[in-house]
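**Student:** With the sequence up front, the predicted model follows.
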Amino acid sequence: MSSKSFADLGVSAVVVDALRARNITDPFAIQNLVIPDVLDGHDVLAKSPTGSGKTLAFAVPIVERLQATDRRPGALILAPTRELALQIVDDMTELAHARALSVACVYGGAGIQRQIQQARKAHILVATPGRLEDILQRRAVTLEHIKLLVLDEADRMLDMGFRPAVDRIVARTPRTRQTLFFSATLEGDAGTIAKAYTTDARRHEHVPPVDHDAPETEHRFVKVQHEAKVSHLVRELGDQERGLTIVFVRTKRGADRLVKRLRDHNVTALAMHGDKTQSQREKALARFERGEVDTLVATDVAARGIDVRDVTHVINYDMPEDRDGYVHRTGRTGRAGRSGISVTFVLGDQARDMSKIATDLGLHKEFSLSGMPTSTGGGGGGGGGQGQRRRPPRPGQRPGRREREASRSGRSGR
């Protein structure tokens with residue numbers, strides 16, 4: 001728990017009250033680091049993982065620094081996916097309204113004319129790069145009044161090939177703007193554009209400690225043969241005690257193919273990936289949240305920003321590419337004190353790479369129980385892949401819409 005309050009950070013009483021109405025009273029670490037600098041007008045580079053509370057780290061000072069009388073839009077937030085953009089809007093709309101500010105969201109897969117009308121009136125514009133460029137090319141919205149620019153999950157935007165579009169968008173904003181750059185890494189290409197977009201930026205890195213005593217998520221690593229992956233998955237999904245489950249795959253085609261193969265085994269699942277329309281993705285997520293279908297097969301990009309409170313299992317059908325990928329995936333479960341289970345299928349030739357990731361995350365003991373060789377040359381005895389309960393390497397999550405509603409009705413939040 002933070003020793004400072006939002007008021008101590010310089011946040012106004014009206015915004016503090018709006019946060020309190022959502023049951024948010026204590027700033028998270030990244031908010032403690034970032035909010036004062038943004039309120040003071042500095043550019044900021046922030047390295048912080050998914051679920052660390054970074055949205056409020058930029059949302060709170062943005063609504064403080066804008067005025068209802070400002071020309072519009074006065075702030076632009078770029079996000080890599082529609083899901084994340086919509087989540088940002090959900091998190092900051094009530095705060096904006098407390099200051100008589102409006103928020104609009106533009107993203108692909110929805111009617112552009114209605115989005116244009118909303119964007120013209122909004123003080124704060126949240127956008128995916130592709131759709132925003134479409135609107136700018138029509139000269140329907142101007143960015144010449146932007147005071148604050150936020151690039152959220154900038155590394156993911158680069159991974160998705162948005163660098164040229166982002167460069168063109170940033171070039172349309174005033175050079176005098178204040179820029180906030182949030183990314184899971186500040187090295188490589190992300191670090192290069194971070195320096196190009198900012199001036200004398202304050203840099204903050206928040207790396208949450210691994211709490212090995214909190215019984216939130218059980219991590220299991222299972223050695224499988226390629227041809228037996230589906231049968232292993234069907235067996236995992238047959239667990240009578242599991243709740244909502246997200247199955248991660250590497251590719252869009254792989255997601256569709258796996259849903260069909262599960263259907264052949266009388267298991268109903270929904271696919272979520274970038275080739276689905278916005279309507280299809282929203283309907284699939286709604287059915288998943290309601291429990292009508294308890295298995296969601298998703299790619300990493302599509303799952304970015306998914307915030308479903310009752311996910312009990314995450315299954316890495318395809319091994320994550322790196323440490324950050326593992327953290328992002330497992331972060332979908334084991335939330336708000338609830339227990340969760342993360343299961344990772346590992347092919348024989350992937351054992352050492354997965355062992356390195358596990359060791360880096362403090363999960364060496366769990367990985368050794370799989371009986372596979374470790375990156376340090378060890379290899380614990382077979383234990384059927386049973387792991388110990390460990391908290392994923394991330395802090396507690398910021399309250400989302402569903403958790404706020406839960407708190408108001410007397411249920412525990414995330």
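**Tutor:** Ah, there it is.

**Student:** What is the neighbour count of Gln240?
**Tutor:** Gln240 has 4 neighbouring residues, counting by other C-beta atoms under 10 Å. All C-beta spots, glycine's among them, are computed from the backbone N, C-alpha and C.

**Student:** Which strand or helix spans it?
**Tutor:** Using DSSP states H and E, Gln240 falls within no helix or strand.

**Student:** so how far is Ile24 from it?
**Tutor:** Distance, Gln240 to Ile24, by C-beta to C-beta, to the nearest Å: 36 Å.

**Student:** swap in Phe288?
**Tutor:** Taking C-beta to C-beta as the measure, Phe288 and Ile24 are separated by 26 Å.

**Student:** before we move on, what about Thr359?
**Tutor:** For Thr359 relative to Ile24 (C-beta to C-beta), the value is 35 Å.

**Student:** Among the two, which residue is more densely surrounded?
**Tutor:** Set Thr359 next to Ile24 and count neighbours by other C-beta under 10 Å: Ile24 wins out with 24 against 17.

**Student:** Three-state assignment for that one, please.
**Tutor:** coil (DSSP: H, G, I helix; E, B strand; the rest coil).

**Student:** Ok, Arg309 next?
**Tutor:** Strictly by three-state DSSP, Arg309 counts as coil.

**Student:** Tell me how many other residues surround it.
**Tutor:** 19.

**Student:** gap between it and Ser48?
**Tutor:** 21 Å.

**Student:** Got the confidence number for the nearest residue to Glu216 once chain neighbours are set aside?
**Tutor:** Counting by C-beta to C-beta, 6 or more residues apart in numbering, Gly334 is the residue found nearest to Glu216 once chain neighbours are left out, at 4.0 Å. Per-residue pLDDT puts Gly334 at 76.

**Student:** Can you get me the start-to-end distance on stretch 192-204?
**Tutor:** Chord length of stretch 192-204, first to last residue, is 16 Å (C-alpha to C-alpha, to the nearest Å).

**Student:** per-residue confidence for the nearest residue in space to Asp17 that is not next to it in sequence?
**Tutor:** What sits nearest to Asp17 in space, not counting adjacent residues and going by C-beta to C-beta, 6+ apart, is Ala98, at 7.1 Å. Note on Ala98: pLDDT of 97.

**Student:** try Gly337
**Tutor:** Reported pLDDT for Gly337: 59.

**Student:** One more: Arg408?
**Tutor:** Looking at Arg408, its pLDDT reads 34.

**Student:** Could you list the low-confidence segments of the stretch 151-300 of the chain?
**Tutor:** 207-215, 278 (pLDDT under 70).

**Student:** how about the helices in it?
**Tutor:** 154-159, 163-171, 188-197, 229-237, 252-264, 278-290, 300-303 (DSSP state H, counting those that start in this stretch).

**Student:** Just the angle for the third one relative to helix 163-171, thanks.
**Tutor:** This means helix 188-197. Interaxial angle, helix 188-197 versus helix 163-171 (axes from the mean of the first three to the mean of the last three C-alpha atoms, to 10 degrees): 20 degrees.

**Student:** With the fifth one instead?
**Tutor:** Relative orientation of helix 252-264 with respect to helix 163-171: 120 degrees, computed using the same axes, to 10 degrees.

**Student:** With just CA atoms, put helix 252-264 into PDB.
**Tutor:** Only the C-alpha atoms of helix 252-264 are listed here, as PDB (Å, rounded to 0.1, in the frame of the first residue of the first chain):
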ATOM      1  CA  LYS A 252      -4.600 -16.200 -36.200                       C
ATOM      2  CA  ARG A 253      -4.800 -19.200 -38.400                       C
ATOM      3  CA  GLY A 254      -3.800 -21.400 -35.500                       C
ATOM      4  CA  ALA A 255      -6.600 -20.000 -33.300                       C
ATOM      5  CA  ASP A 256      -9.300 -20.900 -35.900                       C
ATOM      6  CA  ARG A 257      -7.800 -24.300 -36.600                       C
ATOM      7  CA  LEU A 258      -7.700 -25.100 -32.900                       C
ATOM      8  CA  VAL A 259     -11.300 -24.100 -32.300                       C
ATOM      9  CA  LYS A 260     -12.300 -26.500 -35.100                       C
ATOM     10  CA  ARG A 261     -10.200 -29.300 -33.700                       C
ATOM     11  CA  LEU A 262     -11.700 -28.800 -30.300                       C
ATOM     12  CA  ARG A 263     -15.100 -29.000 -31.800                       C
ATOM     13  CA  ASP A 264     -14.200 -32.400 -33.200                       C
END
